[in-house]
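*Asks:* Give me a model of this one.
(chains A and B)
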Amino acid sequence: MSRTLVLIGTRKGCFVLESDADRRDWSLRGPFCESWPVYHAVYDQGSGTIFAAAASEWHGSAVWRSGDLGETWEHSSEGLTYGEDGRRFSKISTLAAGHGRLLVGAEAPGIFESRDGGETFSLLSTLAGEPGSEGWDDPANQPPGHLGISGIELHPDDPSRFYAIVQGVGLWETTDDGSNWTPRNRGLRADWPREHEEVGFCVHKLVRADDERMFQQNHVGMHRTDDGGASWTEITEGLPTEFGFGAAVNPHDRDTFMVIPLDPGHGRTMPDGQAAVWITRDAGSSWQRSDEGLPQNGAYLGVLRQGLTSDTYDVPGFYFGTSTGQVFATADEGGSWQEIASYLPPISSVHATVIE
Amino acid sequence: MADVHLPRTLTPLFPDLPRQLDVDAGTVDEAIERLNERYPGLRDRLCEAGPAIRPHIHFYVDRERAALDTPLAPASRVDVIAAISGG
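*Replies:* Modelled structure (predicted):
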C-alpha cells in the first residue's frame, strides 16, 4: 500500500501530513526540528531521508535530517560557512536531494553539497565572476533580507547538470557540477533597468517538465522554455495577475502546469480575497481557474515559492500551503480542492512524495 | 571548574546535554571548545564565523556580560542566555 507524505516547512518547525494512495484522509505529525523556522523540507527518495533547511534566530542555520520519516531527528551545520572572508551566511534557503547527495542553497548566494547524508557540508560554488556577482558579493547587499540561492533544480539523470536561481538576479545552468555557469534568462521580461544584458531578472520559481521544457514564475510574469532554458517565451496572458511565487507541473504531462497568481503589491495575496489556482493544459496557451472547494470570501492567502507542489501518482495530486497555515490538496488535477490542514504556522514550503 | 548554565533552547539539540554542567576552562572560548568536544556541533549553535558569539546569544560570567576572551576563575558561574526575542 502506498504512503503519501506531504512535508510542510513552517515558521514553527516541520510537519508531516500522511495519507494513503486515495489521498482523502490525512493525519498530521509534528512540529519537528525543535520548532525552528523551516524554509524548505524535502524527501530524498534515494536514501529515504527527510531533510529540512532551518534557521534559528538564536542558534543559526542547520540542516535537520530524519531517516525514519520524522520519528527521530538530528541536525548539522558542519561546513555550512563561508569562513572568515566576510561573506555572511544567514540562512539556508533551499534544498535539492538526488544522485546520492544533498545540495544546499544559501544566503549570501552559495551552493554547498553534502555527500554523507547531511552530516557534513562543503562549498561547491558561489557562481564567482558571473554577471551580477559584484552586486551579491558586496557585503552591503548581503543578508539578512537580501540575496541568496532561492532555487535549485536537478537533472534526473545527469548529476553534474542543474539549474540555480540567484534571488533577484536570474537563472543559471551548470553542466559541470558548478565549475562553470551559463545565464539562462534570454527572452525574460524585466520592468526595471538592468546593468547586464544576461541577468537582472527576478526569477521566483523554476519547475522542470523534461529536458527541453521548463516553466518559471517570475516577478513580472509566467514564462516557458522549450530548449532547456536557452530562450524563454512569456505565457502570462489569461492569468489575473503577472505576479506569484508557487508553481508545479504535472510530472506525466509536459503541457499541464499550475500557478497561483497573487496581488503584485505589498499584499501578495490571492486577488480579491478569492482563493484560486490557475491551470494550463496546453503549455500556457490558455489558462483555467480552479477554485472548487477553495474559500471565495475574505481569503487573503499567500503562497510562497516552495508552497505549491505535486506528487507522482498516475493522476498526480497537487498541494499548496499558505502564509496563514492552511494546506489544500486536489487529487483530481484541480477539479476540486480539500483543506487537509487548517491551523499550522505560516507555511514556507510543501513537498509531496509517494513511498511504496 | 566553571559552573555553566545553558539555555532551554539549546539542550534539546544534543542528546543528553544537561542544563547545567561543570567545565574546566580558562576563558569563555575554551569553555565552548570543551563543550564542543563533548557535544560535537555545539559551538556552531553558540558562535558564528569570526569567530563571534551569535547576535541573539549572550554570555555572562559572574553576572557580568562576557565575550569569547573573558577569563574564567575556577569557581566562575557562566550563564548562557538566549535573547528574549521571537514571537
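
*Asks:* make it CA atoms for all contacts and neighbour counts henceforth
*Replies:* Will do.

*Asks:* Which secondary structure state does whichever residue of chain B sits closest to chain A sit in?
*Replies:* Chain A sits closest to B:Arg45 of chain B, with a gap of 4.3 Å, by C-alpha to the nearest C-alpha. Per DSSP: H, G, I helix; E, B strand; the rest coil, the secondary structure class of B:Arg45 is helix.

*Asks:* just checking, it touches A:Gly60?
*Replies:* Yes - with contact defined as C-alpha atoms under 8 Å, B:Arg45 counts as touching A:Gly60 (6.1 Å).

*Asks:* Find me the pLDDT at the residue lying closest to A:Trp73 once chain neighbours are set aside, would you?
*Replies:* Of all residues not flanking A:Trp73 in the chain, A:Ser66 sits nearest, at 4.7 Å (C-alpha to C-alpha, 6 or more residues apart in numbering or on different chains). The per-residue pLDDT reported for A:Ser66 equals 98.

*Asks:* burial measure for A:Ser66, as a count.
*Replies:* Using other C-alpha atoms under 10 Å in any protein chain shown, A:Ser66 has 21 other residues around it.

*Asks:* quick revisit: contacting residues around the residue of chain B closest to chain A?
*Replies:* A:58-60, B:10, B:54 (C-alpha atoms under 8 Å, 6 or more residues apart in numbering or on different chains).

*Asks:* quick one: low-confidence parts of the chain?
*Replies:* Going with chain A. Scanning chain A for pLDDT under 70 picks out A:85, A:142-146.

*Asks:* other chain: chain B
*Replies:* Using pLDDT under 70, chain B drops low at B:86-87.

*Asks:* which residues of it fall in helices?
*Replies:* B:28-38, B:42-46 (DSSP state H).

*Asks:* Is A:Ile111 inside a helix or a strand, and which specific one?
*Replies:* For A:Ile111, the host element (DSSP states H and E) is strand A:110-114.

*Asks:* Direction included, what does that strand pair against?
*Replies:* strand A:101-107 (antiparallel), strand A:122-125 (antiparallel) (DSSP bridges).

*Asks:* hmm, who's touching that strand?
*Replies:* Contacts of strand A:110-114 (C-alpha under 8 Å, 6+ apart): A:80, A:101-106, A:120-127, A:148-149.

*Asks:* Closest residue of chain A to chain B?
*Replies:* Counting by C-alpha to the nearest C-alpha, chain A gets nearest chain B through A:His59, at 4.3 Å.

*Asks:* before we move on, back to that, which neighbours do B:Arg45 and A:Gly60 have in common?
*Replies:* B:Arg54.

*Asks:* Report whether the expected contact of A:Thr236 with A:Glu242 is present.
*Replies:* Yes - when contacts are counted by C-alpha under 8 Å, A:Thr236 is listed as touching A:Glu242 (6.1 Å).
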